[in-house]
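Student: Give me a 3D structure for the following:
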Amino acid sequence: MFRLSAPSDDEIRGFILGQKDSGFSYPEVGASATAAPTGYNVDHNRIPLGKGEDTWQRAEDAIRAWKMFSMPWVSLHWPSAPLQIGTDVAVSVQHFGFFSLNACRIVFLVDEESPLKRFGFAYGTLAEHAESGEERFTIEWNRDDDRVWYDILAFSRPKQMLARLGYPLSRSLQKRFAEGSKAAMVQAVGGK
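Tutor: As a prediction, the model looks like this:
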């Protein structure tokens, strides 16, 4: 959904509620658990967050609170949304003089102990999203070197007409989001 003004909280609630019966806008649901399918743009980004159990705990808390969306031009509705399969959220983006509201649903959760300790989730795009694809947000703790990492893997392709027409701008926004998301996690965890 593209608009000239920011959506109100009531409009956002209605938008999310309207996604209840929506299906995913791509057939490879869950593919980001292993590797991105062919035919999509693939973006894989990683950044170290620090070392040790304290860093891990702060990073896990940040993922649970959706802190990776803490950017002035992006809003996640709502950061209190539970991390569970089937949770629907909306992402509001302010760009190029207008706003877009995009619907996503959590596809799977990640909670592994070995060989790396990993935590996070992936969400996929619903019918009301400018793009079509999936994005996985995880943290990893390699106990061999004690380092904690933030990792984002996304595969997508433009779906709505404006996204297809503005393909270079759309790709630019995706790269900007990845950089902003990494910076937001570094800030939330307290530095490298």
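Student: from here on, contacts and neighbour counts on C-alpha atoms
Tutor: Will do.
Student: C-terminal to the helix or strand hosting Val89, what's the next element?
Tutor: Assessed by DSSP states H and E, Val89 sits inside strand 88-95. Under the assignment DSSP H and E, the closest C-terminal helix or strand after strand 88-95 is strand 98-112.
Student: tilt between the helix or strand that that next one is followed by and strand 98-112?
Tutor: Using DSSP H and E, the helix or strand that follows strand 98-112 in sequence is strand 117-125. Here the directions of strand 117-125 and strand 98-112 differ by 140 degrees (axes from the mean of the first three to the mean of the last three Cα atoms, to 10 degrees).
Student: Run the angle between strand 117-125 and strand 88-95 for me.
Tutor: 80 degrees.
Student: follow-up on the earlier one: sheet partners, orientation included, of the strand holding Val89?
Tutor: Paired with strand 88-95 in the same sheet, following DSSP bridges, are strand 74-77 (antiparallel), strand 98-112 (antiparallel).
Student: closest to Glu60 out of the ones you listed?
Tutor: Checking the strands paired with strand 88-95 against Glu60 by Cα to Cα gives strand 98-112 as the closest, at 10.5 Å.
Student: for the closest one, which positions count as buried?
Tutor: Buried positions in strand 98-112, judged by neighbour count with 16 or more other Cα atoms under 10 Å: 99-110.
Student: Least confident of those residues?
Tutor: Lowest in pLDDT among the buried residues of strand 98-112 is Ser100, which has 87.
Student: so it makes contact with Gln94?
Tutor: Yes: if you go by Cα atoms under 8 Å, Ser100 and Gln94 touch, sitting 6.7 Å apart.
Student: give me the beta-bridge partners of the residue most central in space within the chain?
Tutor: The geometric centre of the chain, computed from its C-alpha atoms, lies nearest to Glu135 (Cα atoms, centre = their mean), at 5.4 Å. Assessed by DSSP bridges, Glu135 has beta-bridge partners Tyr123, Ala154.
Student: where does it land on pLDDT?
Tutor: For Glu135, the predicted pLDDT is 98.
Student: Using the three-state scheme, assign the residue located most distally from the centre of the chain.
Tutor: In terms of distance from the mean C-alpha position of the chain, Asp144 ranks first, at 27.9 Å (Cα atoms, centre = their mean). Three-state call for Asp144 (DSSP: H, G, I helix; E, B strand; the rest coil): coil.
Student: For Val189, see how far away it is.
Tutor: From Asp144 across to Val189, the span is 21 Å (Cα to Cα, to the nearest Å).
Student: CA atoms only for the longest helix seen in the chain - export them in CSV, please.
Tutor: What stands out as the longest helix in the chain, according to DSSP state H, is helix 167-189. Extracted in CSV, the C-alpha atoms of helix 167-189 (Å, rounded to 0.1, in the frame of the first residue of the first chain):
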residue,chain,number,x,y,z
TYR,A,167,13.5,-1.3,-9.4
PRO,A,168,16.8,0.6,-8.9
LEU,A,169,15.3,2.7,-6.1
SER,A,170,13.8,-0.4,-4.6
ARG,A,171,17.2,-2.2,-4.5
SER,A,172,18.7,1.0,-3.0
LEU,A,173,16.1,0.9,-0.2
GLN,A,174,16.8,-2.8,0.5
LYS,A,175,20.6,-2.1,0.8
ARG,A,176,19.9,1.0,3.0
PHE,A,177,17.6,-1.2,5.2
ALA,A,178,20.3,-3.8,5.6
GLU,A,179,22.9,-1.2,6.6
GLY,A,180,20.5,0.5,9.0
SER,A,181,19.4,-2.8,10.5
LYS,A,182,23.0,-3.8,11.3
ALA,A,183,23.7,-0.4,12.8
ALA,A,184,20.5,-0.6,14.9
MET,A,185,21.5,-4.0,16.3
VAL,A,186,25.0,-2.8,17.1
GLN,A,187,23.5,0.2,19.0
ALA,A,188,20.9,-2.1,20.7
VAL,A,189,23.6,-4.5,21.9
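Student: No further questions, thank you.
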